[in-house]
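Chemist: with the input below, show me the fold.
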Amino acid sequence: MRFTRQIPIASFLLSILVLWQPSLADSRSDVHWNKQEKTPSIWEKNKCPGGFSQSFRLGGELKNPTTYNLQNLRNLRDALKKQNPPVVTEITVSFQTGSGPRTETYYGVPLWELINNPKAGGGLKPGNSGLNPKNSFLRQYVLVEATDCYGAVVAIGEIQPSFEAKKVLIAFEKKGSDGKVVSLIDEGFARLVVPGDKAGGRYVTNVRNILILSAPASPLKPRYF
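Modeler: Here you go, the predicted model:
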C-alpha cells in the first residue's frame, strides 16, 4: 500500500518540475539582459583618449571654477604681472626623465595664484576638515590630470606662502633652443612644473583637469590613536 501511494506523489512532483523549467529559463535570460545593460558605454571606454589638450577645467573646492585655454592663461599671466610685478611667471628647472636629464625654462601662471587670485580661482573653499578643523587647508591638495588620465598631486601646503611656498607653475610657454619663447608643442597647451623634484613624474603634460580636493577623514577610531 505504501508503494502504490508513493507513485502518484512522485508523478505530481515531476509535473511541477516540468512546469517550473520555463520560469527558470526566463530568470536566466533576465540575468543575462541585466549584464548587457551594465556594459560600459562608448563614452566610458574612451574617457581617457589622450592626445593634445587645448583647455583645462579648474574646479573642486574653490570659489570660481572655470575653464582655461591658451589665451586665457596668457591674459591671466599679464594681469598678474601688472597687479604684482614681482610675481614669478618664469622658472628654470632641471629634472630626470626616461630619456635622461633635462633642463628647461618655462613660462606660465603660478599654481597658487591660479587657485587664489580674485582674477582666477578666487580662493579655496572649505573642504573635508576631518575631526579637527584647525588649518583645514593643509588637508587639501591639487590633482592635476592629463588627457590620458595620468595624474599627480600637489599639496596645498607645498605652495601656500606661509609654508613651503614652492613656486609650482602651470606653464604654457618655454624657451626654445634658439633662445626665443615658444608655445609648448609636444606637451599640450599647458603642463605642470614642480621645481625641486628630482624626477619629472609630476611634470604632467596635456593638462585637462586641475581639481582641488580634500583628504578623507581618518578611518581609524579614536581608541587607535
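Chemist: counting by contacts, list what the lengthiest strand in the chain packs against.
Modeler: Secondary structure of the chain per DSSP state E: the longest strand is strand 100-110. For strand 100-110, the contact count by 3 or more CB pairs under 8 Å, 6 or more residues apart in numbering; DSSP states H and E identifies helix 70-83, strand 90-97, strand 169-175, strand 191-193 as packing neighbours. Using the backbone N, CA and C atoms, a C-beta is placed for each residue, glycine as well.
Chemist: quick one: the residue most central in space within the chain from Leu192, how far?
Modeler: Among the residues of the chain, the one closest to the centroid is Glu145, at 4.4 Å (CA atoms, centre = their mean). Going from Glu145 to Leu192 by CB to CB, to the nearest Å gives 10 Å.
Chemist: cool, Leu62 as well?
Modeler: Leu62 is 17 Å from Leu192, where distance means CB to CB.
Chemist: swap in Gln160?
Modeler: Gln160 is 17 Å from Leu192, where distance means CB to CB.
Chemist: this protein: helices as residue ranges?
Modeler: For the chain, helices defined by DSSP state H occupy the ranges 2-37, 42-45, 70-83, 111-116, 156-159.
Chemist: tell me which strands and helices the last one is in contact with?
Modeler: Contact partners of helix 156-159 among helices and strands, from 3+ CB pairs under 8 Å, 6+ apart: strand 140-146.
Chemist: what residues are bridge-paired with the residue nearest to the centre of the chain?
Modeler: Beta-bridge partners recorded for Glu145 (DSSP bridges): Gly151, Asn209.
Chemist: right, and it touches Asn206 too?
Modeler: No: using CB atoms under 8 Å, Glu145 is not in contact with Asn206; the gap is 9.5 Å.
Chemist: give me the more crowded residue out of Gln160 and Leu192.
Modeler: Set side by side, Gln160 and Leu192 show more neighbours around Leu192, with 26 against 18, by other CB atoms under 10 Å.
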